[in-house]
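K.L.:
From the sequence below, what's the structure:
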Amino acid sequence: MATKVQLTAFVRAMSIVMFFITFFTTYIFFGADLVDALLRGIITLVTSTFVLNLIVIVWKFAYTETEWKLIVDGMPKFENSEEEKSEKFVPKNADLGA
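P.N.:
Sure thing, here's the model as predicted:
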């Protein structure tokens, strides 16, 4: 459940970022009136929230809770796996330049 909450919070944050980008670019760079820039920002906020929430709804039905955990947290690490015992194994964080 926490992963779905994180995704919803991410959608809200992205919508707010899009609002500020639209508002400031319209007001500062294009020299529009303050009310016009706010109106365009609000329209962008509502539209982006709607579209991003549609994407979240589709994703929520597409994956189970276990799959969400794997998507967000990554695959669990197994100790003493055959891959780690192999001589060809190179850890992901290894410095290959040396």
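K.L.:
After the lengthiest helix in the chain, which helix or strand is next?
P.N.:
In the chain, taking DSSP state H as the definition, the longest helix is helix 34-62. Next helix or strand after helix 34-62 toward the C-terminus (DSSP states H and E): helix 65-73.
K.L.:
what helices or strands is that next one leaning on?
P.N.:
helix 2-24 (3 or more C-beta pairs under 8 Å, 6 or more residues apart in numbering; DSSP states H and E). From N, CA and C alone the C-beta is placed, and that goes for glycine too.
K.L.:
Can you give me the buried ones in the helix it packs on?
P.N.:
In terms of neighbour count (16 or more other C-beta atoms under 10 Å), helix 2-24 has its buried residues at 3, 7, 11, 15, 18-19, 22-23.
K.L.:
Now do the longest helix of the chain against helix 65-73, angle only.
P.N.:
Counting by axes from the mean of the first three to the mean of the last three C-alpha atoms, to 10 degrees, helix 34-62 points 130 degrees away from the direction of helix 65-73.
K.L.:
averaged over its residues, what pLDDT does stretch 16-23 have?
P.N.:
Confidence for stretch 16-23, expressed as mean pLDDT, is 93.
K.L.:
Enumerate every residue touching the residue lying closest to Tyr27 once chain neighbours are set aside.
P.N.:
Of all residues not flanking Tyr27 in the chain, Ala37 sits nearest, at 3.7 Å (C-beta to C-beta, 6 or more residues apart in numbering). Going by C-beta atoms under 8 Å, 6 or more residues apart in numbering, Ala37 touches 22-24, 26-27.
K.L.:
what would these look like in CSV with distance to Asn53?
P.N.:
Formatted as CSV, the contacts of Ala37 follow (distance: C-beta to C-beta, whole Å):
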residue, distance to Asn53
Thr22, 18
Phe23, 21
Phe24, 24
Thr26, 24
Tyr27, 27
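K.L.:
Show me which of these is closest to Val46.
P.N.:
For these, the residue nearest Val46 by C-beta to C-beta is Thr22; the value is 11.3 Å.
K.L.:
close enough to count as contact, the closest one and Gly41?
P.N.:
Yes - using C-beta atoms under 8 Å, Thr22 is in contact with Gly41, at 4.7 Å.
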